[in-house]
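S.K.: here is a sequence with its predicted model. Questions after.
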Amino acid sequence: RIFLKNFPLGFEKITDETKRNNLFLKILIPLALKLNEDIMIERKKLLKLQEKIDEGKNFSKQDIDYLEKLAKEYDLFTTFNDDIRHNYFLAELQNRVDRIPPSIIVTAAIIETNWGASRIVKEGNSLYKILEWHTTEGLKPIGENEDNSYRIKIYPDLYSSIKDYALKVNSAPSFEKLRNLRREYRELNNNMVGHILAPYTFGSSNLHNYPGIFDYTLA
């Protein structure tokens with residue numbers, strides 16, 4: 001697989017829509033697959049810790065430091081302390097640190113960037129229009145409103161944008177139903193496919209009909 005850091009110069013000027021869209025998929029699909037490989041490496045570490053607990057062993061300091069770090073990354077919080085705290089982190093992280101169907105990752109990017117033709121891709125490697133508030137850093141939105149309190153986040157490369165979107169899906173409260181359905185399918189040993197999770201992608205946008213747009217684009 002070839003991993004590109006950016007879209008080719010002049011990508012948005014390709015007039016042949018089919019050619020441009022096919023190139024878009026060839027660029028994003030390898031990155032989406034790599035993302036899931038990286039997520040599953042992390043998940044295997046968590047499952048090893050679960051095996052340790054199932055065998056009646058205690059967490060080491062290294063285990064605790066790892067859980068605390070990962071919990072912070074995935075926006076987990078609890079007032080519990082000691083073993084209860086870390087058992088809670090372990091259980092909840094197993095629901096969050098999990099693969100996302102590549103079709104979900106790619107479809108969301110299609111909608112937010114118009115198949116890579118949007119300026120946010122060219123100027124900021126942004127595939128999902130993730131916002132940062134109360135800052136002057138990032139891309140200033142054009143033609144949306146007079147609100148000057150936010151910017152569109154800029155990334156050093158495309159993979160960083162995809163990784164940030166995945167973290168949002170795997171941690172934000174607005175995607176909790178998607179994560180719970182994903183867990184149910186995993187427990188039933190069924191494959192998680194994009195069109196099943198599509199109705200729960202509303203956490204990606206403020207548009208009321210976003211899941212419908214998503215499902216249509218996915219098809």
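M.R.: Alright, I've got the coordinates.

S.K.: what is the neighbour count of Val13?
M.R.: Just so we're on the same page, residue 13 is Lys rather than Val. By other CB atoms under 10 Å, 8 other residues sit near Lys13. To be clear about C-beta, it is placed using only N, CA and C from the backbone, and glycine gets the same treatment.

S.K.: scratch that, Leu49 is what I was asking about
M.R.: When neighbours are defined as other CB under 10 Å, Leu49 has 22 of them.

S.K.: confirm it sits in a helix?
M.R.: Yes. Counting by DSSP: H, G, I helix; E, B strand; the rest coil, Leu49 is part of a helix.

S.K.: pretty sure it is touching Gln62, no?
M.R.: No. Leu49 is not in contact with Gln62 according to CB atoms under 8 Å; the separation is 10.5 Å.

S.K.: center of this structure, which residue is that?
M.R.: In the chain, the C-alpha nearest the mean C-alpha coordinate belongs to Ala166, at 1.1 Å (CA atoms, centre = their mean).

S.K.: now that residue: which helix or strand?
M.R.: Per DSSP states H and E: Ala166 is located in helix 158-169.

S.K.: mind listing what's buried in the next helix or strand after that helix?
M.R.: Remark: after helix 158-169, the chain's next helix or strand is helix 176-187, criterion DSSP H and E. By 16 or more other CB atoms under 10 Å, the buried positions in helix 176-187 come out as 178-179, 182.

S.K.: how far away from the center of its chain is the very next helix or strand once past helix 176-187?
M.R.: Later in the chain than helix 176-187, the nearest helix or strand by DSSP H and E is helix 194-197. The chain centre lies 15 Å from the centre of helix 194-197; the measure is CA atoms, centre = their mean, to the nearest Å.

S.K.: please apply the same query to stretch 187-201.
M.R.: Distance, centroid of stretch 187-201 to centroid of chain: 15 Å (CA atoms, centre = their mean).

S.K.: I'd like the average pLDDT over it.
M.R.: Here stretch 187-201 scores 83 as its mean pLDDT.

S.K.: for stretch 53-64, same thing?
M.R.: The pLDDT scores in stretch 53-64 average 94.
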